[in-house]
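1. Please find the sequence and the predicted model below.
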Amino acid sequence: MIPHAKMRELAKRYEGRTDLVQLWAAGENYKLHEITVFQELVAAAFCIHTSPDCLYPANRESNVASLHEAARDFNPAPTSDELAGFLLEATPIFDLHTAFCAFDDLACHAPAAINRSLPIAAALTRFRLYLEADAHARKTLKWLDALPWSRLLNQARRMDFAAIALLGKRAFFGDDCEIIAIPWDGLPYAAA
């Protein structure tokens with residue numbers, strides 16, 4: 001990954017250019033991407049699975065309320081029965097949460113981010129396989145297909161592609177944390 005100071009230099013160098021390829025952008029309108037709203041849902045489910053207070057009814061209700069709050073941004077929003085699939089298995093939620101956190105760590109230029117980058121699309125596919133194997137998750141699967149699932153998976157693939165470009169020194173973060181491909185004429189020889 002390009003060092004933070006070099007990324008700032010690249011952002012300044014290419015500022016104002018309209019021909020740059022934006023590989024991924026969250027920005028202020030991040031809720032336009034279902035995958036980023038899905039990330040919030042996964043984070044809420046992760047909190048439920050990992051909260052030491054989840055055994056107490058009052059705390060469990062608070063955590064479940066945060067799951068419902070994250071789900072409101074979907075169109076269509078899942079019902080309680082459809083959300084139940086997120087709580088059936090902890091392992092795929094942990095995998096998804098780890099993949100999303102690894103992607104976010106790239107934006108923070110965390111030193112360990114280079115070694116922890118995980119494909120979000122693969123974690124998403126494993127999550128779906130867990131749901132398909134559990135008869136109690138049929139409603140969750142039906143809701144995922146209504147999103148539609150293919151768009152969610154394509155957005156995850158775009159995030160993965162952007163992460164690979166960052167790690168391969170072929171992209172940089174812009175001023176609004178968007179991931180921008182370095183034009184071929186600006187690529188250093190070592191990264192080409």
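-> That came through, no problem.
2. distance between stretch 65-73 and the chain's centre?
-> From the chain centre to the centre of stretch 65-73 is a distance of 16 Å (CA atoms, centre = their mean, to the nearest Å).
3. buried sites along it?
-> Of all the residues in stretch 65-73, those buried under the rule 16 or more other CB atoms under 10 Å are Ser66, Leu67, Ala70, Ala71. C-beta: built from backbone N, CA, C; applies to glycine.
4. Once you drop chain neighbours, what's closest to the first one?
-> For Ser66, ignoring the flanking residues on the chain, the nearest one in space by CB to CB, 6 or more residues apart in numbering is Ala44 at 4.7 Å.
5. and the one you found, helix, strand or coil?
-> Applying DSSP: H, G, I helix; E, B strand; the rest coil to Ala44 yields a three-state assignment of helix.
6. Would you mind stating the distance between Ile164 and Phe127?
-> 21 Å (CB to CB, to the nearest Å).
7. Go ahead and flag the most central residue of the chain.
-> The C-alpha lying nearest the average C-alpha coordinate of the chain belongs to Phe100 (CA atoms, centre = their mean; 4.3 Å).
8. so who does it touch?
-> Gln39, Val42, Ala43, Ile120 (CB atoms under 8 Å, 6 or more residues apart in numbering).
9. how close does the third one sit to Arg116?
-> Taking CB to CB as the criterion, Ala43 is separated from Arg116 by 17 Å.
10. Looking at these two, which one has more neighbours?
-> When neighbours are counted by other CB atoms under 10 Å, Ala43 comes out ahead of the other of Ala43 and Arg116, with 17 against 14.
11. List the residues that contact the more buried one.
-> Ala70, His97, Phe100.
12. any chance of the residues you listed in TSV, with secondary structure and pLDDT too?
-> Formatted as TSV, those follow (DSSP: H, G, I helix; E, B strand; the rest coil; pLDDT from 0 to 100):
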residue	secondary structure	pLDDT
Ala70	helix	85
His97	helix	93
Phe100	helix	93
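13. Let me have the residues you listed in TSV, extended by distance to Lys142.
-> Output for these, formatted as TSV (distance: CB to CB, whole Å):
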residue	distance to Lys142
Ala70	19
His97	23
Phe100	24
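14. Of these, just say which sits nearest to Gly174.
-> Closest to Gly174 out of these is Phe100 (20.4 Å), distances taken as CB to CB.
15. Would you check how far apart the closest one and Asp160 are?
-> Phe100 is 11 Å from Asp160, by CB to CB.
16. overlap in contacts of the two?
-> In contact with both Phe100 and Asp160: Ile120, using CB under 8 Å, 6+ apart.
17. Give me the helix or strand of the chain that scores worst on average pLDDT.
-> helix 113-116 (a mean of 68; mean pLDDT, DSSP states H and E).
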